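> Below are the sequence and a predicted model; questions follow.
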Amino acid sequence: MKGLRFNRKHLCIPYAVFLVLFVIAPLFVIVYYAFTNGQGHFTFDNFVNFFTSTKTLGTLLYSFAVAIVTTAVCLVIAYPTAYILARSKMKKKYVLLLLFILPMWINFTLRITALKEVLSVLEGNISVYPFLNSVIGMTYDFLPFMILPLYTSLQKLDNSLLEAASDLGANKATVFLRVTLPLSVPGIISGITMVLLPSMTNYVVLDMLYNNTYIMGSLIGSYFSAYDWNNGSLISLVLLIIIFIVTLVTNRFSDKDANNKGAIL
Amino acid sequence: MKKFKKILSVAAACGLVGASALTFAGCSEQDEVITLRVCSWEEYIDLGSWKDDERITLDNGEEIFGENAIYDEFAEWFNGESDFGFKVKVEYSTFGTNEDLYNRLSLGDVYDLVCPSDYMIMKLLAEDKIQEYSDDFKNGEYATNVSPYIKGIFTEYGWEKYAACYMWGTTGIVYNPDKIKDDADVSTWNILLNEDYKRQVTIKDNVRDAYFAALGIINSEQLTTQQLDSEHLTDLMNATDSETIAKAEDVLKRIKDNVYSFETDSGKADMVTGKVIANYQWSGDAITILDGADADGTELWYSVPDECANLWFDGWVMLKSGIDGNEKRQTAAEAFVNYLSRPKNAVRNMYYIGYTSAIAGDTVFEYLDWTYGAEDDADENKVLPYDVSYFFGEDGEYIIDANSDDFAIDKATGEINRGRQLFAQYPPENVKSRSVVMRDFEDKLAEINQMWINVRCLDVTDISPVTIGVICGAAGLITIASLLYAFRYKLFIKYKPKKGFSKVEE
């Protein structure tokens, strides 16, 4: 009877089951398909195809371009916003913060459809600027994910550090560049991770805003609709590895700030 | 701890009772419940809840009204009025594309009755996955009500034992006549390449429909100047040799640069809101769009290009994996198809989803007359006798006195190539004769999909040197800036102390 005794560790059983069923097992399935062909034989062909086809490399590059530009635009918009929100002594700043998060409560498709109409009014014919529209759509979609970590890291910044710098003779620009900015790096990093990675594969935004060029997500979809799960899985695997590398690199930056680790993934 | 055990034992007891209840239910013959797993297209069946003013009262006094979803009414009828000796429960689910359905089947999802398109039926047939309909089915409501035209085609293709046609139609172009420069522009697939309508036309975002349009463009001259017999036409529009695929790739790349978008579902809305002036559509969706635009006060038309149209069918097939030799299950599935084939239910579906049912018969014809027939006191010059006898049966005359303003009649030949709802729903003889069924790509699928990827993906070698230069430059600048910042930026920023402070030399 001793073996059955309930203790606190057993509370994680549901999560462990979930992890094995929906995270680990699918991973093995992806790896299996990525290195087999249609007949189930082991092969590196998919792998070779990926890195020799100018189309897949072009798509990879295009996805990166969309993702990096989106992330940069998000950062440029989000940093000042988060800074003002976090540092100001405004009474109503929570209302303002809420306004930035509010779009997240509205259904995604609805938001992008509304955006499509707005862009149509502004641009006339939205199919003329597919890249621009994709970046605008993604920025609109992912901006809160950039603002929130930045806001958190800027808000918990110790005021006495800034005062000390100022007392020691630093002007405002110096205080910002030498104290505020370095201390907010973990926030920037986690913001970048949260925007860069999903924007590489979120092809629904591109579809809805009429970008006719494929990114990685749509390429996987097109292989799947031709019943070619092997090439599709390989692309997923490559994406997974890229994400893993990016996470490794970014984790180095945020190691100093243990509290922030949780916010990254 | 004691409490915990108690809960466990209670749970176990409940499980036991439940399991035995199920076993007993299985034993008694009379109350056996068969769960019929049906999978069909999204928005492809009448879900009921009609408003009261939608009630259809035909001239012959018949009343048609959709109260509940048809599959629920089927279960109600099956379990109540009919005498099958067992009960049925319908599990209705939907799929988005034929490929989606096929992938689900290969992943092990089990369905008894599915409704794929023609080419997917061919694929499933070739893979021996389809259960043959029973002999009783040959005398059922489907067999008696189905249009002789549809029956003929299904027999010709050898599907009649395996598939029961549900909806059918053509592909064509929905357009806004006020914004078209010349009517001839919309009578050809070349509109997709027409510079006059640059970024104002949409095409379907799936490889089969896009490939078909490309073939229409490639063979345009031959198709419009020569009279090909149906066999030649079918072969020409089903060509999948490498040379044709390469040509199609070229055409589709030019289409990609010229059209507004490749769309899956947004075409309807864009047409109604006027963002695009022409739109590659399936006839059924075309009717929904035309109806929607009518309600908004815009008049749209449907045209079937002069080259060729894709004649398509969606049909109910029973799957061997689902039926699994169970006769009752098969009876239930066949009863479901027969129930859908009742003229009243066919009309309900047609009214609800806009597509054209394969069911003929007087009720359906009355419904057409009710919808499209001119008023009795209409001006005689405005009435066009529209012949649909081919569909409703060669024995009688089935002619609808339609409004002639709804059709564009070619003065030279007297043929109708463009029109409104009725034309889209039941194409005239000349359109029918230039329509072909598109076969499955079979072993050419991978090659054609690669062609599609080539069209849709950016090629590394296509990127201009200027773009590469800009990207590299930007990346370089960012790297240099962050490196300098990391190494304490002494080199490029001078720090001036605040007023009253002096800089301390380090």
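Okay, I see it.
> When you work out contacts or count neighbours from here on, use the C-alpha atoms and nothing else.
Will do.
> can you list the residues that contact stretch A:57-67?
For stretch A:57-67, contacts defined as CA atoms under 8 Å, 6 or more residues apart in numbering or on different chains pick out A:50-51, A:131, A:134-135, A:195-197, A:199-201, A:214-216, B:457-461.
> Among those residues, which ones are in helices?
If you go by DSSP state H, those have A:Phe50, A:Phe51, A:Phe131, A:Ser134, A:Val135, A:Val195, A:Leu196, A:Leu197, A:Ser199, A:Met200, A:Thr201, A:Met216 in helices.
> So which of these is the closest to A:Ile245?
A:Leu197 (11.2 Å; CA to CA).
> Could you tell me which residues make contact with the closest one?
By CA under 8 Å, 6+ apart, the contact set of A:Leu197 is A:Ala67, A:Ile243.
> what pLDDT does it get?
Looking at A:Leu197, its pLDDT is 83.
> buried set for stretch B:359-370?
For stretch B:359-370, a neighbour-count test (16 or more other CA atoms under 10 Å in any protein chain shown) marks B:Ile359, B:Ala360, B:Gly361, B:Thr363, B:Val364, B:Phe365, B:Glu366, B:Tyr367, B:Leu368, B:Asp369, B:Trp370 as buried.
> Give me the three-state assignment for the last one.
Classification of B:Trp370 by DSSP: H, G, I helix; E, B strand; the rest coil places it in helix.
> Can you name the residues of the stretch 351-500 of chain B sitting close to chain A?
B:445-446, B:449, B:453-454, B:456-461, B:495-498 (CA under 8 Å from any CA of the partner chain).
> Ramachandran coordinates for B:Asp265?
The phi/psi pair for B:Asp265 (degrees, to the nearest 10) reads phi -130, psi -20.
> Also B:Val38?
Dihedral angles for B:Val38 - degrees, to the nearest 10 - are phi -110, psi 140.
> residues in contact with A:Asn37?
A:Asn37 neighbours (CA under 8 Å, 6+ apart): A:Thr43, A:Asp45, A:Asn46, A:Asn230.
> can I assume A:Leu161 sits in a helix?
Yes. The assignment for A:Leu161 by three-state DSSP puts it in a helix.
> A:Leu183 versus that one, what's the distance?
Computed as CA to CA, to the nearest Å, the A:Leu161 to A:Leu183 distance reads 10 Å.
> These two: which is more packed in?
Per other CA atoms under 10 Å in any protein chain shown, whichever of A:Leu161 and A:Leu183 has more neighbours is A:Leu183, with 18 against 13.
> confidence score at the residue lying closest to the more buried one once chain neighbours are set aside?
Excluding its sequence neighbours, the residue lying closest to A:Leu183 (CA to CA, 6 or more residues apart in numbering or on different chains) is A:Leu157, at 7.3 Å. At A:Leu157, the pLDDT value in this model is 88.
> what's near enough to touch A:Leu157?
A:Thr180, A:Leu183, A:Ser184.
> Which of the residues you listed fall within helices?
Among these, the members found in helices (DSSP H) are A:Leu183.
> picking that back up, quick check: the gap between the residue nearest to A:Leu183 and A:Lys9.
Taking CA to CA, one finds A:Leu157 at 36 Å from A:Lys9.
> Check A:Glu163 too.
From A:Glu163 over to A:Lys9 the distance is 46 Å, taken as CA to CA.
> between these two, which one's more packed in?
Neighbours around A:Glu163 and A:Lys9, counted as other CA under 10 Å, are more numerous at A:Glu163. The numbers are 13 against 7.
> coming back round to it: sort the buried residues of stretch B:359-370 by pLDDT and name the bottom one.
Within those, B:Gly361 has the lowest pLDDT, namely 84.
> mind checking the backbone torsions on that residue?
Main-chain dihedrals, B:Gly361, degrees, to the nearest 10: phi 110, psi 160.
> My read is that it contacts B:Phe392, right?
Yes. Applying CA atoms under 8 Å as the test, B:Gly361 and B:Phe392 come out as touching, 6.3 Å apart.
> circling back: ChimeraX command for the buried members of the contacts of A:Asn37?
Buried subset of the contacts of A:Asn37, written as a ChimeraX selection, criterion 16+ other CA under 10 Å:
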select /A:46,230
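> before we move on, the earlier item: which of the residues of the stretch 351-500 of chain B next to chain A scores worst on pLDDT?
Lowest pLDDT among those: B:Tyr495, 61.
> check contacts around B:Gly96.
Counted by CA under 8 Å, 6+ apart, B:Gly96 has contacts B:Trp41, B:Glu42.
> Distance of it relative to chain A?
11 Å (CA to the nearest CA, to the nearest Å).
> per-residue confidence at that residue?
For B:Gly96, the pLDDT comes out at 90.
> just the one 10 residues further on next, same as before
As predicted, B:Ser106 sits at a pLDDT of 90.
> so how many other residues sit close to it?
B:Ser106, neighbours per other CA under 10 Å, totals 10.
> now do A:Phe145
20.
> My guess is it contacts A:Val195. True?
Yes. In this structure A:Phe145 lies within contact range of A:Val195 using CA under 8 Å: 6.6 Å.
> Next, the contact list for the closest residue to B:Val146 other than its chain neighbours, please.
Using CA to CA, 6+ apart and skipping residues adjacent in sequence, the residue nearest B:Val146 is B:Ile359, 4.4 Å away. Residues near B:Ile359 by CA under 8 Å, 6+ apart: B:Tyr142, B:Asn145, B:Val146, B:Ser147, B:Tyr166, B:Ser341, B:Arg342, B:Pro343, B:Ala346.
> Relative to chain A, which of those residues is nearest.
Taking CA to the nearest CA as the measure, B:Tyr166 is the one of these closest to chain A, at 23.7 Å.
> how about the closest residue to that closest one other than its chain neighbours, secondary structure?
Ranked by CA to CA, 6+ apart and with sequence neighbours excluded, the top spatial neighbour of B:Tyr166 is B:Gly315, at 4.9 Å. Applying three-state DSSP to B:Gly315 yields a three-state assignment of strand.
> B:Gly315: how many residues sit nearby?
Number of residues near B:Gly315 (other CA under 10 Å) recorded here: 26.
> Over to B:Ile471?
13.
> Which pLDDT does the model give it?
In this model, B:Ile471 carries a pLDDT of 82.
> Pull out the buried positions in the stretch of helix or strand it belongs to.
Using DSSP states H and E, B:Ile471 sits within helix B:465-486. Within helix B:465-486, the residues scored as buried using 16+ other CA under 10 Å are B:Tyr485.
> coming back round to it: out of the contacts of A:Asn37, the closest to B:Lys253 would be?
A:Asn46 (25.1 Å).
> shaky segments in the chain?
Just going to use chain A. A:1-4, A:253-265 (pLDDT under 70).
> my bad, the chain I had in mind was chain B
Regions of chain B meeting the criterion pLDDT under 70 cover residues B:1-31, B:486-497, B:503-506.
> So which residue is dead centre in it?
What sits nearest the mean C-alpha location of chain B, by CA atoms, centre = their mean, is B:Trp282, with 6.8 Å.
> Grab the nearest non-local neighbour of it.
Leaving aside its sequence neighbours, B:Trp282 sits nearest to B:Thr171 (CA to CA, 6+ apart; 4.5 Å).
> Kindly report the residues of the stretch 51-200 of chain B close to chain A.
Going by CA under 8 Å from any CA, the residues of the stretch 51-200 of chain B near chain A are B:Glu99, B:Asp100, B:Asn103, B:Arg199.
> List just the nearest of the residues you listed to A:Thr70.
Closest to A:Thr70, out of all of these and judged by CA to CA, is B:Arg199, at 25.1 Å.
> Spit out the contact partners of the closest one.
Counting by CA under 8 Å, 6+ apart, B:Arg199 touches A:Asn125, A:Ser127, A:Val128, B:Asn258, B:Val259, B:Tyr260, B:Ser261, B:Val276.
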